[in-house]
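**Q** Here is my input, please return the structure:
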Amino acid sequence: MYDVLIVEDDPMVAVINKQYVMNNSSFRVCGTCKDGLSAFEFLKNEHVDLIILDQYMPRMTGLEFLQEIRKNKIPVQVIMVTAANDSPSVEEALRLGIVDYLVKPFSNARFNQALMSFIARTEAFKDKANVDQYTIDGLLAAATTDSISDLPKGIQKTTLERIIRYLTDNENKELTGEEISEAIGLSTVTVRRYMNYLIARHEVTSHMNYETGGRPKMIYRSIIR
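**A** Okay, the predicted model is just below:
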């Protein structure tokens, strides 16, 4: 499970962001800070994998905080969640290596897509001395569905083609992993791995459905073109 720190000066927005994080069972909120200075102090004593960061805050802006953690080489990833949509802010955030940039207001589905991008990036580097070009392309969203050779470990070309064909045939439909698994004849674990890969390539979106009457299920929707 990944530990998330929310850095947001608006209490209501902080609560919403916390709920969005908790909607994904792979994450837990380990703390909330109202500004960059208190967040920097928090990082000195607590383990954090991911920061949900606002820009407009007192004492230290989000970008100033981001610059500070990069200067100090603190190994934590950041998703910007802010009303700041001016070009200089977005450009600077991207230059500083953020995972994603969400402009308020946004949907739960878009927030979860950002979380899944974080997971894909983290898993891509886990226990690996080197990363192949295709994995890098996927993380930078530079790959296309027409280029599926030299796939990363654990992703097979024929299986990926089957899943992409099924998703294309069911364009605009919301599908559970179980539905995809049953239709294609793959295990749900395998389907989940491939869907996470396609999410990282921004070809699939996902959100958690809590209205199933039982265990919450991840819902996938193809945006392959």
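**Q** how's the chain carved up into domains?
**A** Domain assignment of the chain by automatic domain parsing yields the ranges 2-113, 128-222.
**Q** So which bits of stretch 61-78 are buried?
**A** By 16 or more other CB atoms under 10 Å, the buried positions in stretch 61-78 come out as Thr61, Gly62, Leu63, Phe65, Leu66, Gln67, Glu68, Ile69, Gln77, Val78. Every residue, glycine included, has its C-beta placed from N, CA and C.
**Q** can you pull the contacts of the second one?
**A** So the one you mean is Gly62. Val7, Gly36, Leu53, Asp54, Gln55, Tyr56, Met80, Thr82, Ala84 (CB atoms under 8 Å, 6 or more residues apart in numbering).
**Q** which residue ranges form the helices in the protein?
**A** Per DSSP state H, the chain carries helices over the ranges 11-22, 36-45, 62-71, 87-95, 108-125, 133-139, 157-169, 177-184, 188-200.
**Q** where does the chain have low pLDDT?
**A** Scanning the chain for pLDDT under 70 picks out 127, 133-151, 212-214, 224-225.
**Q** Could you pull up the residues touching the residue of the chain most remote from its centre?
**A** Here the centre of the chain is the reference, and by CA atoms, centre = their mean the most remote residue is Arg59, at 28.0 Å. By CB under 8 Å, 6+ apart, the contact list for Arg59 reads Asp35, Gly36, Leu37.
**Q** Pull out the buried members of those residues.
**A** For the contacts of Arg59, buried by 16+ other CB under 10 Å: Asp35, Gly36, Leu37.
**Q** number of nearby residues for the closest residue to Ala120 other than its chain neighbours?
**A** Closest residue to Ala120 apart from its sequence neighbours, by CB to CB, 6 or more residues apart in numbering: Ala200 at 3.2 Å. Residues contacting Ala200 under the criterion other CB atoms under 10 Å number 25.
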